[in-house]
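Participant: Mind folding the following:
(2 chains)
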Amino acid sequence: MRKGILFAGLMAGVSPLTVSPAQAVEIEYWQYVFETRVTAMDQLIAAFEAANPDITVKQVTFPYADYQTRVVAANMAQQGPDVLQLFYGWADQFIGGKVIQPLSPDVFPHAQIEADFFPIVSAMKRGDDYYGLPTAVRSLALFYNKDLMTAAGLDPNTPPTTLEELVTQAKAMTEVDGAGNMSTAGMTLDMGGQDHQWWREVLVRQFGGVPYSEDGATVTYNDAAGAAALKFYTDLQTVEKIGQRGFMDEGQAAFRAGRAGFTIDGTFRLGSYRTIEDFEWGVTELPANADGVRSNYASYFANAIGAGAEGEELEAAQKFLAYISSEEAMKIWLDVVGELPARRSAAMTEENLANPIYAPFLKGLDYARTTLFLDEAAQRQNTIDMANRILIEGQSVEESLAAAAEAEQAIIDRVKQ
Amino acid sequence: MALVEQGAPHRRPDRPHIFWTMRRRQLLWVWSFLAIPVLFYGVIRFYPTGQAFWLSLTDWDLMSEPSFIGLENYTRLFADPQFGSVFRNTFAYLIMGTPISLLLSFLIAYALDRVRFGHTFLRALYFLPFITTASAMAWVWRWFYQPAPIGVINDFLSGFGIPQLAFLNSTTWALPSIMVTAIWAGLGFQIIIFMAGLRAIPATYYEAARIDGLGEGAILRRITLPLLKPTTVFLVVFSSIGFLRIFDQVYNMTTNDPGGPLGSTKPLVLMIYQTAFSSYQMGYAAAQTVVLFTILLIVSLLQLWVLRERA
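Facilitator: Residues are numbered from 1 along each chain as shown, chains lettered A, B, ... in the order given. Sure thing, here's the model as predicted:
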């Protein structure tokens, strides 16, 4: 194993820490680089240190692309952080690899967690233990370009509420140039963006199916409902012709450039869209089906305590984690980062619900689901391929769906074993 | 060493025994200079290479201790349908990329060699892509290939009412599209090497051939090409290894759907990268690396053998 540690040390590039002072405790907090998140955390650390003068928190950041590798490598070299941020979808790997430790129920009582947080916090629970708590959560909504709606003769104050309206309104906004190429898309079609989440947790359910079994171990979308949901999605390009995969390279780029009427995206996109100056845009809840059934996909980055923390460092880490998942911290996070609070009381305030931008995302949180990913990248790729087999190769919906279900089950089985 | 030294005084009994002979001092110098690169390569290159062979026989996931699983990774790899397509793609890059890029670069170098006016400027233009960052170049080409209304090529085509081409969005054309970028990126280097090779051929041979009345075609066939052989061998091996290890262009041009639509552009190196750093199956990725290493070795040896100097 020494070889492994040497390798991990090289990869992590961490030097052994110097001896810590006897009195004050220093703990390390790790997250990935994203300007507003780092700023928000700096503010939280300053407030925390003011309240706990004997604890210093050192924030360490890495680029997102190698954040996970750094954490894992540092953990192997026993240089892991005391408190760290992780995507809920990495939980299984981090728990299995002993990167994070369960939260002590004495400090974080389960009844309280379940009463105060949105139900999606359960994605951080394994067996009887919680392994982390989120500060902020993300959900999806439909962004619409008000200028394009007006230009197409639609009322920019009544965005679509049902899937049917979504298609009719998008069709009105779609434009094709003289050579037959799409110049304005009614709606972005980008499976690699957020559409794969929309299909999985929203469309499949709206067409009467369930994407996965309760424990996330079995793929259950390969049925008539799943096929209907997939057909609805691919028909948007092949039959309704309101969008085109690959249009303007990325869905978000098309919307940003004012070349797409609708796009489905998450709270994390708000920061980028806020800088749009060329047109007015709005946000609304994801459309319901004809029976009024709605669904949404929520995800989050949780904060957890590193497996290496013990003694007074563990105590300090627990205090810090409690603070950064407090209502006060969530408020700061919302103001600075723009992500929604993970506690109901902090999220569902009158002020937030009256906010035209936050309200649709918050309403979505109430009925949102969270996919228990085991290998997020591979499962996303599998969904992209499923759509591409139909859109590029002309395979039938049923065949492509069956192949996707089989391949995804194999991915899940491999990680689970 | 000690044995040789014991014998030494017998040959020259009149000389006093000197341990630091001139030869030994020279050796010490040589080795102390060589030690740095040897150590460097040992730790940074050869040790990890050896480690990869060992890891390919384990199920290491970066988080828990690796355990020995024999050849399981290899049997899994050869049964993996993705490996088949990745293997085909990798060889498509090699089999199409190497001859096309060599032919092009030879033609350009041959023509450039004859041009007097603006020679340096033209040569600099051809070399420019080689010194540009691969990822920056890939992103520019990615933009060229976009569908209308933003893609440069498709905008141009639709200006004439010609239906647009799918390029990177097509399972058929995505790989050739990326290959064009890769060929273009490496062209400058190959041209410079070919030109150096052409310049190294003594002018007297050409003069003699012309006096004997040989045509341009015959001169090319009988003198230029045979004398250029060492350069060609070097470039064939060098460019083959480059195409077998293609990654930058593919990775940067298809970030939305890594490896192109339905994996149609995915080379072996990208598969290794994804297996290791997004699925964290280090053992499986190491097995793929060993396979790549073997392919590189076989292809290089085969080329050296085919293009060997026949006495």
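
Participant: which stretches of the chain aren't confidently modelled?
Facilitator: By default, I'm working from chain A. A:1-23 (pLDDT under 70).

Participant: please go with chain B instead
Facilitator: Ranges of chain B meeting pLDDT under 70: B:1-16, B:310-311.

Participant: Flag every residue of it that's near chain A.
Facilitator: B:48, B:51, B:61-66, B:142, B:146-150, B:154, B:157-158, B:161-164, B:166, B:168-171, B:256-258, B:261-263, B:274, B:277-280 (Cβ under 8 Å from any Cβ of the partner chain). Where you see a C-beta, it was placed from the backbone N, CA and C, and this is true even at glycine.

Participant: Quick one: mark the members of these that sit in helices.
Facilitator: The helices, defined by DSSP state H, take in B:Pro48, B:Gln51, B:Arg142, B:Asn154, B:Leu157, B:Ser158, B:Gln274, B:Phe277 from the residues of chain B next to chain A.

Participant: Now for A:Gly180, how many residues are close by?
Facilitator: A:Gly180 has 11 neighbours, counted by other Cβ atoms under 10 Å in any protein chain shown.

Participant: Next, give phi and psi for it.
Facilitator: Main-chain dihedrals, A:Gly180, degrees, to the nearest 10: phi 90, psi 10.

Participant: That one contacts B:Leu157, correct?
Facilitator: No: if you go by Cβ atoms under 8 Å, A:Gly180 and B:Leu157 don't touch, sitting 11.7 Å apart.

Participant: can you list residues touching both of those two?
Facilitator: B:Pro163 (Cβ atoms under 8 Å, 6 or more residues apart in numbering or on different chains).

Participant: pull the CA atoms of whichever strand or helix holds B:Val38 into CSV?
Facilitator: Using DSSP states H and E, B:Val38 maps to helix B:22-41. The C-alpha coordinates for helix B:22-41 follow below in CSV (Å, rounded to 0.1, in the frame of the first residue of the first chain):
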residue,chain,number,x,y,z
MET,B,22,41.6,8.9,-15.8
ARG,B,23,39.0,6.4,-17.1
ARG,B,24,37.3,6.0,-13.8
ARG,B,25,37.1,9.7,-13.2
GLN,B,26,35.6,10.2,-16.7
LEU,B,27,33.1,7.4,-15.9
LEU,B,28,32.2,9.0,-12.6
TRP,B,29,31.5,12.3,-14.4
VAL,B,30,29.5,10.6,-17.1
TRP,B,31,27.4,8.7,-14.6
SER,B,32,26.8,11.6,-12.3
PHE,B,33,25.4,13.6,-15.3
LEU,B,34,23.4,10.6,-16.5
ALA,B,35,22.1,9.8,-13.0
ILE,B,36,19.7,12.8,-13.0
PRO,B,37,17.7,11.8,-16.2
VAL,B,38,18.0,8.1,-15.3
LEU,B,39,16.5,8.8,-11.8
PHE,B,40,13.9,11.1,-13.3
TYR,B,41,12.8,8.5,-15.9
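
Participant: now that helix, how far from the chain's geometric center?
Facilitator: Distance of helix B:22-41 from the chain centroid (Cα atoms, centre = their mean, to the nearest Å) equals 30 Å.

Participant: quick one: buried residues of that helix?
Facilitator: Within helix B:22-41, no residue counts as buried by 16 or more other Cβ atoms under 10 Å in any protein chain shown.

Participant: Contacts for it, please.
Facilitator: Outside helix B:22-41, no residue touches it (Cβ under 8 Å, 6+ apart).
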